[in-house]
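A.B. asks: got a predicted structure plus its sequence, pasted below:
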Amino acid sequence: MLLTYRKAEKATVVLNDLIKINNDRIICYQQAMDQSVNMDSDLKRLFKSIIAEGQEFKQELIDKIKQLDGSPKDGLTLSGMVHRAWLDLKVTFTGNTRNAMLSFCEYNEEMAQHAYKAALNVSAEMNKEVYELIENQIAALKRTYESICKCHETHHFFTPGLMYFN
């Protein structure tokens, strides 16, 4: 019984950390949208999709914590707060070009994947449902990252200064 309680307690801590990661993602993408005056419609759609994904992930994590009789914590990571301050500074000096935003997205999603992989390693010794939830969210994060990379590659390919004409 005590072992089961400790596994549930450990799972709750891990899942609460992932809630913070998703809060960071939601705020970062919302902030990027708010700071951009002339954001392309496809980029705005992408950011809104990522925000919705983060909110969905967060709710799934909260629901799982409640199933484990845990207490969901709604907060932000310290690294997320530092990252947002860095983003504000970067936008001030480099502007919020499409290329800069897509580079930011790639970096942001890479960091989220690293956090999730660490959580997956820890959750391997926990409840199978917790492990599968984290695994499913990682798969979705990878798809999101691939979409961002495609968007970035497409932008580089179609930028007139990068194209060669005979």
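C.D. replies: Yep, it's here.
A.B. asks: what's the neighbour count on Ile26?
C.D. replies: 19 (other CB atoms under 10 Å). For glycine as for every other residue, the C-beta is placed from the backbone atoms N, C-alpha and C.
A.B. asks: again, but for Ile65
C.D. replies: The burial count for Ile65: 23, using other CB under 10 Å.
A.B. asks: what does Ser123 give?
C.D. replies: 24.
A.B. asks: the one 5 residues further on too?
C.D. replies: By the other CB under 10 Å criterion, the neighbourhood of Lys128 contains 9 residues.
A.B. asks: look up phi and psi at His152.
C.D. replies: When read as degrees, to the nearest 10, the backbone of His152 gives phi -70, psi -50.
A.B. asks: contacting residues for it?
C.D. replies: By CB atoms under 8 Å, 6 or more residues apart in numbering, the residues touching His152 are 99, 102-103, 105-106.
A.B. asks: most neighbours out of those residues, which is it?
C.D. replies: In terms of neighbour count, Cys105 stands highest of those at 24 neighbours, by other CB under 10 Å.
A.B. asks: how near is that one to Met111?
C.D. replies: In this structure, Cys105 and Met111 are 11 Å apart, going by CB to CB, to the nearest Å.
A.B. asks: and Glu106, what does it touch?
C.D. replies: By CB under 8 Å, 6+ apart, the residues touching Glu106 are 145, 148-149, 152.
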